[in-house]
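Chemist: predicted model and sequence below, questions to follow.
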Protein chains: 2
Amino acid sequence: MSAGLTERRQVILKLVIQEFVETATPVASETLVRKYRLNVSSATVRNELAALEELGYLTHLHTSAGRVPTDAGYRFFVENLMERTTLSLAEQRTIRHQFYQVRGELDQWIQLAGAVLARTTQNASLVTPPRVAERLRFRSLELIGIHELMVLAVLVFHGGIVKQQTIALDTARSQEELRRSAARLSDYLADQTLSGIEELLTRDPGQQPLQLSEFERSMLELILRAMQLFEEQAREQIYSDGLLEMLSQPEFIPALARDDAERAVQRLRRALEILKSGRGLEPLIPQALASDGVQVIIGGENSADEMREYSVVLARYGVENAVAGVLGVIGPTRMAYPRSISTVRYISSLMSNLLAELYNAESRDQPNPDQ
Amino acid sequence: MSAGLTERRQVILKLVIQEFVETATPVASETLVRKYRLNVSSATVRNELAALEELGYLTHLHTSAGRVPTDAGYRFFVENLMERTTLSLAEQRTIRHQFYQVRGELDQWIQLAGAVLARTTQNASLVTPPRVAERLRFRSLELIGIHELMVLAVLVFHGGIVKQQTIALDTARSQEELRRSAARLSDYLADQTLSGIEELLTRDPGQQPLQLSEFERSMLELILRAMQLFEEQAREQIYSDGLLEMLSQPEFIPALARDDAERAVQRLRRALEILKSGRGLEPLIPQALASDGVQVIIGGENSADEMREYSVVLARYGVENAVAGVLGVIGPTRMAYPRSISTVRYISSLMSNLLAELYNAESRDQPNPDQ
DNA sequence: CTTAGCACTCGCGGCTGTCGAGTGCTAACT
DNA sequence: AGTTAGCACTCGACAGCCGCGAGTGCTAAG
């Protein structure tokens, strides 16, 4: 029965979703008619609602409760009904200004992106640090004596990525000695990736272009280990923020939750676990990295079971062929999708521009292998 | 009436607290007699409980509910009744081992300390990074060209503290030029504190021991700003962890909370706010820095009003006259104080030893002003 | 000082009845 | 054929009530 999604049904579906997102309570036919001045009676709307339900876009917890969108309903909304918005110019300016304040500090960008996403969408945010495309490429090494048996090694990689580590020595080295070793190693390893260095290390000693001292070889081992560790943990790490913002959503407030307090708190605890451990989020990252534009994952559509009640809005950011990370928003499926999407889109392009400044600049003075 | 705190009352108080900490439900006279095989009847115990209540160590929400310790009760327990315990050797070994895994990385120590505190006490933890006593002392500067107009400045301070910042230049500089400037500035500023540098900067140009180029002067300004920023934010920053562990305490689980679910969730939200913003915690930090041993702040004893339901166990860690930070545990007043205290004590001494390795080592090759 | 005994207080779970919101259906209307 | 009024029906929310059980506080006797 019921001839599919007519124009009017689409309008009504859209209104139901808007209303539900706004109020967080099931929406009644009467409410729709009153609030949106529909020129039909509530009975008609009820018929349409029943049809939409049959089509799978809405549900009902029980007779005599308003309608609630299903995942499929949200999906249709996001795909076809939603108008594409952008952040207001004033908001854009404010955000740009904040980023300007911390220019030059990648870590701060990440943190700021997280904070801004959370604040403007009133949901939790997640940001992964930009990962170098392919592999980390070595640039130079500085060894700074902190004391005769203690050295601070500063590893600098292409793209302004820096990793520091203090290292204990077994025999004392002068500052000058350290400088020379650092310079030799820097030359030796310049522009190498992790696997390149691994290869160098296993190469027959006779073939080495440069004889390394015992000390330098042991430094090299350390560098290698640091790089491995760094690449590994960079892959996993998901920075997140805005827990508090998300928890101000009615879903998490027992007094407002339609179901009972018990559920609200379990939800809360689960949300914490998801954000802290990243479980349930991880599978989404590579997916987002691989695709253009803003990805929307709604409820149980894709992810692990514990994510059934949450939606995630993700976008890649970075510089083509150089670095890429992922940032986005996570919140209850009842989410203001247009706003989340436009915020994520804006922040990701902002971050991309900031990174491009760093990277395009750098690539100019880099040897281009194709020339 | 009631001749003060007799021996027996102390025993009973102790039992009440142990029992309440364990079960999180008000404890009844009958329970005490049964569980701890007291050789008196429950009626006698009731008389004693009444006396303890009159003395201010216990309360009850209404007639016919078991007794609950007051802040004063906990205080007396901590001060006089509790036996001083230490972590088991096995636990100590496990913890030491974990720290050994990340040797050489101060940031990791802090994170690890937070995680271990949280896990072993099942409460939230807080750790402030070790602050340099007096002021930050400059050690050296490295300038690493990332590209002709982009430089990575690595500021190294005494004690292995490193701060990095990328800086945009207006005119290109060669790597060699950067190296020379860095060396000159390093010499010029070596061992200076922030105020020392400020003084140098304002000094009459004629008096300067060294003529700086325009470029070097502008670098110097940047260094100064970075140091100011760093000192400031180091003071404020409180790292925290273990939210999830704390939330597994019955106080935060509506089904188990004696009062209602509503309260449990407000508590939860408030705990989040305290940990995220650090408000309510900040006043405790300087206090802990100024005193030896483990500090215990119980409920409303000291802190802001929103901390009324929480206790904090804090200790200083660090190296005398060199660096000091604070670490500790925060949780509901119904806390296993002996365990918290011994854990905090152990971790703080462990961290102190680790830092001492770094610092005593360093001070050996530092010029001693008294010689 | 200790104890048995007992009245008294409360919280809690279960049960009931009422109210109101909202739907679903039917029959009449355009 | 689509729309609408009308109305029965469903279900959750809420308040009130009852009885139970846990635990105290008091008293009087040992």
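Modeler: Good, I have the coordinates. Remember, predicted model here, so these are calculated numbers, not experimental data. Numbering: from 1, shown residues only, chains lettered A, B, ... in the order given.

Chemist: what are the buried residues along the helix or strand harbouring residue A:359?
Modeler: Here residue A:359 sits within helix A:337-364, counting by DSSP states H and E. Of the residues in helix A:337-364, A:337-348, A:350-352, A:354-356, A:358-359, A:361-363 count as buried by neighbour count, 16 or more other C-beta atoms under 10 Å in any protein chain shown. (C-beta placed from N, C-alpha, C; glycine too.)

Chemist: ok, now stretch A:237-245?
Modeler: Residues A:238, A:239, A:240, A:241, A:242, A:243, A:244, A:245 are the ones in stretch A:237-245 that count as buried (16+ other C-beta under 10 Å).

Chemist: one more: stretch A:280-298?
Modeler: Result for stretch A:280-298 [16+ other C-beta under 10 Å]: buried residues A:280, A:281, A:284, A:285, A:288, A:289, A:294, A:295, A:296, A:297, A:298.

Chemist: so the residue most central in space within chain A, which of the three states?
Modeler: Chain A has residue A:327 as the residue nearest its centroid, 2.4 Å off, counting by C-alpha atoms, centre = their mean. For residue A:327, the assignment made with DSSP: H, G, I helix; E, B strand; the rest coil gives strand.

Chemist: next up, the contacts around it.
Modeler: Residue A:327 makes contact with A:113-114, A:117, A:125-128, A:314-315, A:317, A:344, A:347-348, A:351, according to C-beta atoms under 8 Å, 6 or more residues apart in numbering or on different chains.

Chemist: show me what residue A:323 is bridged to.
Modeler: On the basis of DSSP bridges, residue A:323 is bridged to residue A:132, residue A:319.

Chemist: pLDDT value on it, please?
Modeler: According to the per-residue confidence, residue A:323 scores 82 in pLDDT.

Chemist: how close does it sit to DNA strand C?
Modeler: The span separating residue A:323 from DNA strand C equals 50 Å under the rule C-beta to the nearest atom of the strand, to the nearest Å.

Chemist: okay, now that residue: neighbour count?
Modeler: As a burial measure, residue A:323 scores 22 neighbours (other C-beta atoms under 10 Å in any protein chain shown).

Chemist: do I have it right that it meets residue A:159?
Modeler: Yes: between residue A:323 and residue A:159 there is a contact at 6.0 Å, judged by C-beta atoms under 8 Å.

Chemist: residues that sit against both of the two, list them.
Modeler: Common neighbours of residue A:323 and residue A:159, using C-beta under 8 Å, 6+ apart, are A:132, A:359.

Chemist: low pLDDT regions in the stretch 251-371 of chain A?
Modeler: Flagging of the stretch 251-371 of chain A using pLDDT under 70 yields the residue ranges A:254-262, A:360-371.

Chemist: skipping adjacent residues, who's closest to residue A:351 in space?
Modeler: Excluding the flanking residues, the one nearest residue A:351 by C-beta to C-beta, 6 or more residues apart in numbering or on different chains is residue A:317, at 4.2 Å.

Chemist: enumerate every residue touching the one you found.
Modeler: Residue A:317 makes contact with A:130, A:324, A:325, A:326, A:327, A:347, A:348, A:349, A:351, A:352, A:355 under the criterion C-beta under 8 Å, 6+ apart.

Chemist: just to revisit the earlier point, including pLDDT and distance to residue B:306, could the buried residues of stretch A:237-245 go into JSON lines?
Modeler: Putting the buried residues of stretch A:237-245 into JSON lines (pLDDT from 0 to 100; distance: C-beta to C-beta, whole Å) gives the following:
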{"residue": "A:238", "pLDDT": "90", "distance to residue B:306": "30"}
{"residue": "A:239", "pLDDT": "92", "distance to residue B:306": "27"}
{"residue": "A:240", "pLDDT": "93", "distance to residue B:306": "24"}
{"residue": "A:241", "pLDDT": "94", "distance to residue B:306": "21"}
{"residue": "A:242", "pLDDT": "94", "distance to residue B:306": "21"}
{"residue": "A:243", "pLDDT": "91", "distance to residue B:306": "18"}
{"residue": "A:244", "pLDDT": "89", "distance to residue B:306": "14"}
{"residue": "A:245", "pLDDT": "93", "distance to residue B:306": "19"}
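
Chemist: thank you kindly, that will do.
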